[in-house]
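[1] Structural data only, the sequence is not supplied:
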């Protein structure tokens, strides 16, 4: 059954048509004084510079190079995040307890949660699709090694896998292992190696 | 906990995989420039009070629902930002930001202009 929406029409012209339509919309809104040329840039800038996994990556990188900070992070994640120079509200608001668990050669941690509100947004940015998937959650509890290997994480039989279920009370995330070959890297360089997946335990960090 | 409208708007869309915008490595993923603009305009208009963000959300959900009702679920033509743009078009008229037909007339001017200067 054909749709009534022009945007749903198929064909090679759709791209050109959509691009032109957005252009037309933008110019009309600017003409009417509803937005200025900069309004949209400011909003997009927020997503590019603040709402991403930057904060979590900085925390992990600092923990990799600073043993005292790492100790604090493992004992009191919120306090460690507050010690960072993050924008207001980005270190996790009061009442939102974050806990971080450390991956070691012996233990690999994975985080799950059914409710999207349990994702530590301020530190990890926007959650990936799989995070809320009921199948992912059920399977990662039942057969974590299989799920991890589907994500490309192959663990030795000797490694213990622990699964942590985030809740509104505690939002878990993972302190991944620092990869070999990163000696001498700056904190900024180290932070650039981190992904939300690594900080949720479904990826390892590599150079 | 939300200190920014942008943060609130984005997180409110994370309820289901269909409704949530494509993202990668904790960032929004835009494949084409117009997607960025459509995304930013939708948030900007709500931030400035032309409509409630929830109205946009519900319009987006309804638009996605309509697409799903008329297409196979694995239809390769599925395109999140086409639905986003359609929702935005409906709402700018419903909210009185643009008059009905105004966008179409601007669009046809733009397309004709391109055609004559090409």
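    Yep, that arrived. Here the structure is a predicted model, which is why all the values come from computation and not from measurement.

[2] And stretch B:30-45, what's buried?
    Neighbour-count burial for stretch B:30-45 flags B:30, B:34-45 (criterion: 16 or more other CB atoms under 10 Å in any protein chain shown). To be clear about C-beta, it is placed using only N, CA and C from the backbone, and glycine gets the same treatment.

[3] In contact with the most centrally placed residue in chain B, which residues?
    The residue lying closest to the centre of chain B (CA atoms, centre = their mean) is residue B:84, at 2.7 Å. For residue B:84, the contacting residues are B:21, B:35, B:38, B:39, B:42, B:60, by CB atoms under 8 Å, 6 or more residues apart in numbering or on different chains.

[4] And the helix or strand hosting residue B:112, what's buried?
    Using DSSP states H and E, residue B:112 maps to helix B:102-117. Neighbour-count burial for helix B:102-117, counted by 16+ other CB under 10 Å, picks out B:102, B:103, B:106, B:107, B:111.

[5] Can you lay out those as CSV showing distance to chain A?
    Shown next, in CSV, are the buried residues of helix B:102-117 (distance: CB to the nearest CB, whole Å):
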residue, distance to chain A
B:102, 6
B:103, 6
B:106, 4
B:107, 4
B:111, 6
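
[6] Of the residues you listed, just say which sits nearest to residue A:133.
    residue B:103 (36.8 Å; CB to CB).

[7] Surely that closest one and residue A:23 touch.
    No. Residue B:103 is not in contact with residue A:23 according to CB atoms under 8 Å; the separation is 10.8 Å.

[8] out of the contacts of residue B:84, what pair is the most spread apart?
    Largest separation among the contacts of residue B:84 by CB to CB: B:35 and B:60, giving 13.6 Å.

[9] what about the residue of chain A found nearest chain B, distance to residue B:65?
    Ranked by CB to the nearest CB, the top residue of chain A for proximity to chain B is residue A:125, at 2.9 Å. The gap separating residue A:125 from residue B:65 is 28 Å, by CB to CB, to the nearest Å.
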